[in-house]
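okay, structure incoming, though there's no sequence with it:
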């Protein structure tokens, strides 16, 4: 009888040990899954970061190009403005010369009369 009771106790302990072992295995499997999910997330974030770096680099290149185009446009506008002012000055000079000639001619006409 005592031997049978001892066997029963051993069987109970064995069952409890097996349950604990199953729980530990499940805990280990859950931890491994969490670890794998974390690694996947890290990879996703690294890829997103790399993609963002490339996008930002392209934006910086685009910005540099637009700034260059703006500088070129500003230079062209300045050149056209200077050209226009030179033309105005030339016309004013021509007008002044024409007026001077007209006054002289008018003066000679009056002197002849």
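Cool, the structure landed. Treat the numbers as computed from the prediction; the structure is a model and nothing was measured. Numbers count the residues shown, from 1 in each chain.

quick one: distance of stretch 14-22 to the chain centre.
Computed by CA atoms, centre = their mean, to the nearest Å, the chain-centroid distance of stretch 14-22 equals 57 Å.

what pLDDT does the model give residue 104?
Residue 104 is assigned a predicted lDDT (pLDDT) of 88.

where does it fall, secondary structure wise?
Using DSSP states H and E, the secondary-structure element containing residue 104 is helix 2-112.

okay, now the unreliable bits of this structure?
Counting by pLDDT under 70, the chain has low-confidence residues at 1-5, 108-113.

let's check: the centremost residue of it is which one?
Taking CA atoms, centre = their mean as the criterion, residue 56 is the residue nearest the geometric centre of the chain, at 3.0 Å.

so what's that residue up against?
Under the criterion of CB atoms under 8 Å, 6 or more residues apart in numbering, residue 56 has no neighbours. Yep, even glycine has a C-beta here, placed from its N, CA and C like the rest.

27 is where my numbering starts, stick with that
All right, first residue 27 from here; so that's residue 82.

ok, it to residue 75 distance?
10 Å (CB to CB, to the nearest Å).

try residue 42
49 Å.

what do you get for residue 131?
Residue 131 sits 83 Å away from residue 75, taking CB to CB as the criterion.

list the contacts for residue 67?
In this structure, residue 67 makes contact with no residue, judged by CB under 8 Å, 6+ apart.

how near is it to residue 61?
In this structure, residue 67 and residue 61 are separated by 11 Å, where distance is defined by CB to CB.

for residue 74, same thing?
Distance, residue 74 to residue 61, using CB to CB: 20 Å.

got it, and residue 46?
As defined by CB to CB, residue 46 lies at a distance of 22 Å from residue 61.

repeat for residue 50
16 Å.

repeat that for residue 98.
Residue 98 is 55 Å from residue 61, by CB to CB.

what does residue 86 give?
Distance of residue 86 to residue 61, computed by CB to CB: 37 Å.

what about residue 49, distance to residue 64?
Summarising the geometry, the distance separating residue 49 from residue 64, computed by CB to CB, is 22 Å.

ok, residue 38 next?
When distance is defined by CB to CB, residue 38 is 39 Å away from residue 64.

ok, how many other residues are close to residue 110?
A count of neighbours around residue 110, defined by other CB atoms under 10 Å, yields 10.
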